[in-house]
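**Q** next comes the sequence, and after it the predicted model I'd like to discuss.
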Amino acid sequence: MPGSPHDTSPSASGDTAPFTVNRLAAHIGGTVVGDGERRIRRCCGLESAGPDDISFVSNIKYLNQLTTTSAGCVVVDAKLDHQSIQRPASAPLTLIRAADPYFGFRQIMVLIHGMRPQPKPLVSPLCDIAASAKIGADCHIGPFVTIGENCVVGDRCVIYPGAKIMNGTELGSDCIIYPNAVIYDFCRLGKRVIVQSGAVIGCDGYGFATHQGIHHKIPQIGNVILGDDVEVGSNTVIERAAMESTVIGEGTKIGNNVVVGHNCQIGRHNLLVSQVGIAGSSSTGDYVVLAGQVGVAGHIHIGDRVRAAAQSGITSDIEPNRDIGGTPAMDFKLAKRVYLQIFQLPELAKRLRAVEAKLNATKSKEDAH
């Protein structure tokens, strides 16, 4: 599958670097401004790029770097007025104008560098696979991997050393499980799922019944279901449901150090950035974005296409198509105004004390008469 996580070729197309700018532009449907025959060998950041490198700008706060970068080519937004870029005539800048520069640059990276190479099919003699487990064709299973009873591993899966897959778990085809990840019993992973090192899928949910001052553990008899094309970051924890399933929808990408509580229902194509915490029994719609360190209370629903700014605290249901921020979360524009006022509090307090002093002085004079 060209461009998939299993593509180990130098480029998705079978070509080899260097590539002309014209070739790269054609690959992403962009247009060239400048020297289309310039040859590019690698992708690089704007500040460190050299004449043989290509970079990109998708955020307007980096536009000023276009005046100083030494990159051989830069992918920019097709709407950018390239004539406004101030550079000396002796150092013209070649551009590729693209409708979506970030995705376009991604496509170029895959073309030039390919995806992370994966090991060839092999089952290590040092792994421990239960006799009842079913292993698909062309899998790589590294040393010290444990695969429990009645597990099913789909075709072309890659399981790195030290990973643990417990009884009754099923992996779809083309999954990648990195070192020391743990997938508890009876979980279900779809196709092309990636689980990064140290992640834990399906551990017990945080469920206790308090009786006469003692916290009694509630058995967590459900599981976790990950849809196709889900990615789970390093040291992320997804808790199994108490009785049914914790579900992560198709195409959702979860960053590092995220916690998804038991019974959560996460929609399709969500982005959960690092250190997000979602309490149990909450749910999200599709295409939700939770930025870093967002906290979500339990038993609430976040609608489709909601975007929450970093460190937002979501304590109640959020309607679809809203941008929110702050704690408790509110409309993002209002949150910006609220937090700007916070910086003025010391001066406002000083002025209030001055007013109080004047009022007290006036009252004292009136009392004296």
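**A** Yep, that arrived. Numbering: from 1, shown residues only.
**Q** sort out which residues of stretch 278-297 are buried, please.
**A** In terms of neighbour count (16 or more other C-beta atoms under 10 Å), stretch 278-297 has its buried residues at 278-292, 294-297. The C-beta positions use only the backbone N, C-alpha and C, and glycine is treated the same way.
**Q** give me the neighbour count for Val224.
**A** The tally of other residues near Val224 (other C-beta atoms under 10 Å) stands at 28.
**Q** what residues are bridge-paired with it?
**A** Thr246 (DSSP bridges).
**Q** how much space between Gly261 and Pro346?
**A** Gly261 sits 38 Å away from Pro346, taking C-beta to C-beta, to the nearest Å as the criterion.
**Q** more neighbours: which of the two?
**A** Looking at Gly261 and Pro346 with other C-beta under 10 Å, you find the greater number of neighbours at Gly261, namely 21 against 9.
**Q** shouldn't that one be in contact with Gly298?
**A** Yes: in terms of C-beta atoms under 8 Å, Gly261 counts as a neighbour of Gly298; the distance is 6.8 Å.
**Q** mutual contacts of these two, please.
**A** Counting by C-beta atoms under 8 Å, 6 or more residues apart in numbering, the residues touching both Gly261 and Gly298 are Ala279, Gly280, Ser281, Ser282.
**Q** out of these, which one sits closest to Leu111?
**A** Of all those, the one with the least separation from Leu111 (C-beta to C-beta) is Ser282, at 39.5 Å.
**Q** can you pull out the helices in the protein?
**A** For the chain, the helices identified by DSSP state H occupy 21-28, 101-113, 332-343, 345-368, in order along the chain.
**Q** out of the ones you listed, point me to the one whose mean pLDDT is lowest.
**A** Mean pLDDT per stretch puts helix 345-368 lowest among the helices of the chain, at a mean of 85.
**Q** how far off centre is that one?
**A** Its chain's C-alpha centre lies 52 Å from the corresponding centre of helix 345-368 when counted by C-alpha atoms, centre = their mean, to the nearest Å.
**Q** ditto for stretch 241-257
**A** The chain centroid and the centroid of stretch 241-257 are separated by 13 Å under C-alpha atoms, centre = their mean.
**Q** buried ones in that stretch, by neighbour count?
**A** Buried positions in stretch 241-257, judged by neighbour count with 16+ other C-beta under 10 Å: 241-242, 245-257.
**Q** out of those residues, which are inside strands?
**A** Among these, the members falling in strands are Ser245, Thr246, Val247, Ile248, Lys253, Ile254 (criterion: DSSP state E).
**Q** ok, which pair from those residues is furthest apart?
**A** The most widely separated members of these, counting by C-beta to C-beta, are Ser245 and Lys253 (19.7 Å).
**Q** lowest-confidence helix or strand of this protein?
**A** Ranked by mean pLDDT, DSSP states H and E, the weakest helix or strand in the chain is helix 345-368, scoring a mean of 85.
**Q** pull the CA atoms of it into PDB?
**A** Once side chains and other backbone atoms are set aside, the C-alpha atoms of helix 345-368 remain, and they are given as PDB (Å, rounded to 0.1, in the frame of the first residue of the first chain):
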ATOM      1  CA  LEU A 345      -6.400  42.400  37.600                       C
ATOM      2  CA  PRO A 346      -3.400  43.800  39.500                       C
ATOM      3  CA  GLU A 347      -3.900  47.300  38.000                       C
ATOM      4  CA  LEU A 348      -7.700  47.100  38.500                       C
ATOM      5  CA  ALA A 349      -7.100  46.100  42.100                       C
ATOM      6  CA  LYS A 350      -4.700  49.000  42.600                       C
ATOM      7  CA  ARG A 351      -7.300  51.500  41.100                       C
ATOM      8  CA  LEU A 352     -10.100  50.000  43.300                       C
ATOM      9  CA  ARG A 353      -8.000  50.500  46.500                       C
ATOM     10  CA  ALA A 354      -7.400  54.100  45.400                       C
ATOM     11  CA  VAL A 355     -11.100  54.700  44.900                       C
ATOM     12  CA  GLU A 356     -11.800  53.100  48.300                       C
ATOM     13  CA  ALA A 357      -9.300  55.300  50.000                       C
ATOM     14  CA  LYS A 358     -10.800  58.400  48.500                       C
ATOM     15  CA  LEU A 359     -14.300  57.300  49.600                       C
ATOM     16  CA  ASN A 360     -13.100  56.600  53.100                       C
ATOM     17  CA  ALA A 361     -11.400  60.000  53.300                       C
ATOM     18  CA  THR A 362     -14.600  61.700  52.000                       C
ATOM     19  CA  LYS A 363     -16.700  59.800  54.600                       C
ATOM     20  CA  SER A 364     -14.300  60.800  57.400                       C
ATOM     21  CA  LYS A 365     -14.700  64.500  56.500                       C
ATOM     22  CA  GLU A 366     -18.400  64.200  56.400                       C
ATOM     23  CA  ASP A 367     -18.500  62.500  59.800                       C
ATOM     24  CA  ALA A 368     -16.300  65.200  61.200                       C
END
